[in-house]
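Enquirer: below are the sequence and a predicted model; questions follow.
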Amino acid sequence: MQYGVDERGYYGKFGGAYIPEMLYPNIEELRENYLDIIAEPGFQEEFQMLLRDYVGRPTPLYFAKRLSDKYGASIYLKREDLCHTGAHKVNNTIGQIILAKKLGKKRIIAETGAGQHGVATATVCALMGLPCTVYMGAVDMERQKPNVERMRILGAEVKPAESGSKTLKDATNEAMRAWINNPTDTHYIIGSVVGPHPYPDMVARFQSVISEEIRWQLKEKEGRETPDYVVACVGGGSNAAGAFYHFLNEENVRLVNVEADGMGFSTGKSAATSILGKEGVLHGSRTLLMQTEDGQVVEPYSISAGLDYPGIGPMHAHLFDTKRADFYSVTDEEAMKACVEVSRFEGIIPAIETGHAFGALPKMELKSSDVVVINLSGRGDKDLATYIKWGGY
Ligand SMILES: *Cc1c(COP(=O)(O)O)cnc(C)c1O
């Protein structure tokens, strides 16, 4: 079984590029060039230098002693929370901006929901001196004011999407429209392993530095390169794809995806795509998504803005379909309790997205010999207001 993408851009029956005719030249230019550019020594040199000196890689693989004692297994945390900007997202935006420069692009557009990807994009645009426009739903702009201001401080223009529900999917539509109107000089930085081919594969490659590092770090600490489990939360699925990448074809490593179940999947306020999703086309690829009988996208819900996405990337749909990965769903309440537990046991306040990954630990049946790596995708500073509003600590 192949878990990576094939030449046509498919993971099994998922993936592909379902795009309007007008976008075809943009996507085709990217598809024809991305692998060659990424393989160039010049690209790799700049990418590695920036990951090291700007992002702060390699991020530590930390043995979490007190959590290990509690759950009766050896638990390691991959510290993506220590990346510049506070999460894994910057690994991808650095890769894409270098690629955009090599393609001769003069400006960058992006869409953002919670604003985290917008901030990571505005950051690398400042770094490279490229103009940046970020599309964001007007409702999301109201909900995520600090990130809107961060983007503005960094010099980006934040454009409100005023159509539909004024949230992420409307921002995506606006960004697509802007791309169609400026096809030759603009690169669209997508923030997760979603969208038309080659985006899911390209983003997974940029994030794969996470599992590349886990292998040699685990070898140093445990004398083996492969853990028994790799656990990650999944919104679109980029931190999970990065953490899984170099283990995809090692069937003795269990891949564990953790979805946000909000108030519970039976309440209608959830984002658990593996339970609620059906096959369809979302943001240009065939995947699993939450939709009504007649194919309208259902508004997802989660306490964590980063997991509030109505689908999962096509790689993860394939991992689900083939049962290569286990899927757990964790409610708001379970995730918040896990966040506090990690804070109290390890002195690390995680992003609420990441709290979902920790929320799977009590549901897994671990043995004392098991080595578990949890991808600590981001830090909790951005979520302080949500912690306070929840209040259960
Ligand atoms: C955005 C975000 C996520 C969800 O995105 P993926 O593409 O699924 O990784 C998870 N954790 C943090 C900290 C994030 O900022």
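Expert: Yep, it's here.
Enquirer: for the residue in the stretch 251-393 of the chain that the ligand sits nearest to, give the beta-bridge partners.
Expert: For the stretch 251-393 of the chain, the residue closest to the ligand is G378, as judged by CB to the nearest ligand atom, at 2.3 Å. C-beta: built from backbone N, CA, C; applies to glycine. With DSSP bridges as the criterion, G378 is bridged to A87.
Enquirer: thought A87 was touching it, still the case?
Expert: Yes - using CB atoms under 8 Å, G378 makes contact with A87 at a distance of 3.3 Å.
Enquirer: any common contacting residues for these two?
Expert: Common neighbours of G378 and A87, using CB atoms under 8 Å, 6 or more residues apart in numbering, are 80-81, 116, 351.
Enquirer: want to try JSON lines for those residues, with secondary structure as columns?
Expert: Converted to JSON lines, the shared contacts of G378 and A87 look like this (DSSP: H, G, I helix; E, B strand; the rest coil):
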{"residue": "E80", "secondary structure": "helix"}
{"residue": "D81", "secondary structure": "helix"}
{"residue": "Q116", "secondary structure": "helix"}
{"residue": "A351", "secondary structure": "coil"}
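Enquirer: just these that are near the ligand?
Expert: 116, 351 (CB under 6 Å from any ligand atom).
Enquirer: and the shared contacts of G378 and A87, which are buried?
Expert: Neighbour counting with 16 or more other CB atoms under 10 Å marks 80-81, 116, 351 as buried within those.
Enquirer: of these, closest to F345?
Expert: F345 has its nearest neighbour among the buried ones among the shared contacts of G378 and A87 in D81, at 15.3 Å by CB to CB.
Enquirer: A317 contacts L282, doesn't it?
Expert: No - A317 lies out of contact with L282 (CB under 8 Å); the separation is 10.0 Å.
Enquirer: once you drop chain neighbours, what's closest to the residue nearest the centre of the chain?
Expert: With distances taken as CA atoms, centre = their mean, S238 lies nearest the centre of the chain, 3.1 Å away. Leaving out its chain neighbours, the residue that sits closest to S238 by CB to CB, 6 or more residues apart in numbering is S192, at 4.3 Å.
Enquirer: per-residue pLDDT, that neighbour?
Expert: With respect to pLDDT, S192 has a value of 97.
Enquirer: ok, it to A241 distance?
Expert: In this view, S192 and A241 are 8 Å apart by CB to CB, to the nearest Å.
Enquirer: which of these two has more neighbours?
Expert: Neighbour count, other CB atoms under 10 Å: between S192 and A241, A241 has more, with 30 against 27.
Enquirer: doesn't the residue nearest to S238 fall inside a helix?
Expert: No - checked against three-state DSSP, S192 lies outside a helix; its state is coil.
Enquirer: for it, what are its contacts?
Expert: Taking CB under 8 Å, 6+ apart, one finds 117, 203, 235-238, 309, 313 in contact with S192.
Enquirer: then R224?
Expert: Applying CB under 8 Å, 6+ apart, the residues near R224 are 218, 371.
Enquirer: secondary structure of it: a helix, I assume?
Expert: No - R224: not assigned to a helix; according to three-state DSSP it is coil.
Enquirer: for it, phi and psi?
Expert: Main-chain dihedrals, R224, degrees, to the nearest 10: phi -140, psi 150.
Enquirer: my read: N249 touches Y3, true?
Expert: Yes - N249 is in contact with Y3 according to CB under 8 Å; the separation is 6.3 Å.
Enquirer: those two: which has the busier surroundings?
Expert: Y3 (19 against 11).
Enquirer: ok, for the more buried one, nearest residue in space, not its chain neighbours?
Expert: Closest residue in space to Y3, ignoring its immediate chain neighbours: L248 at 4.1 Å, by CB to CB, 6+ apart.
Enquirer: pretty sure that neighbour is touching Y11, no?
Expert: No - using CB under 8 Å, L248 makes no contact with Y11, being 10.2 Å away.
Enquirer: need the overlap of contacts for these two.
Expert: Shared contacts of L248 and Y11, defined by CB under 8 Å, 6+ apart, are found at 3-4.
Enquirer: neighbour count winner among these two?
Expert: The neighbour count for L248 versus Y11, taken as other CB under 10 Å, is higher for Y11 (29 against 21).
Enquirer: residue contacts, that one?
Expert: Y11 makes contacts with 3-5, 200, 314-315, 317-318, as judged by CB under 8 Å, 6+ apart.
Enquirer: are any of these buried, and which?
Expert: The neighbour count (16+ other CB under 10 Å) marks 3, 5, 200, 314-315, 317-318 as buried among those.
Enquirer: got the residues of the stretch 151-300 of the chain near the ligand?
Expert: By the rule CB under 6 Å from any ligand atom, the part of the stretch 151-300 of the chain lying against the ligand is 192, 233-239.
Enquirer: which pair of those spans the longest distance?
Expert: Taking CB to CB, the two most distant members of those are S192 and C233; they sit 11.9 Å apart.
Enquirer: confirm E279 sits in a strand?
Expert: Yes - secondary structure of E279 (three-state DSSP): part of a strand.
Enquirer: distance of it from M315?
Expert: For E279, the distance to M315 equals 15 Å [CB to CB].
Enquirer: cool, and I349?
Expert: From I349 to M315 the distance is 30 Å (CB to CB).
Enquirer: cool, and G191?
Expert: Going from G191 to M315 by CB to CB gives 15 Å.
Enquirer: wait, is L218 part of a helix?
Expert: Yes - assignment of L218 by three-state DSSP places it within a helix.
Enquirer: let me know the pLDDT of it.
Expert: We have a pLDDT of 98 for L218.
Enquirer: what's near enough to touch it?
Expert: Contacts for L218 (CB under 8 Å, 6+ apart) come out as 61, 76, 224-227, 371, 373.
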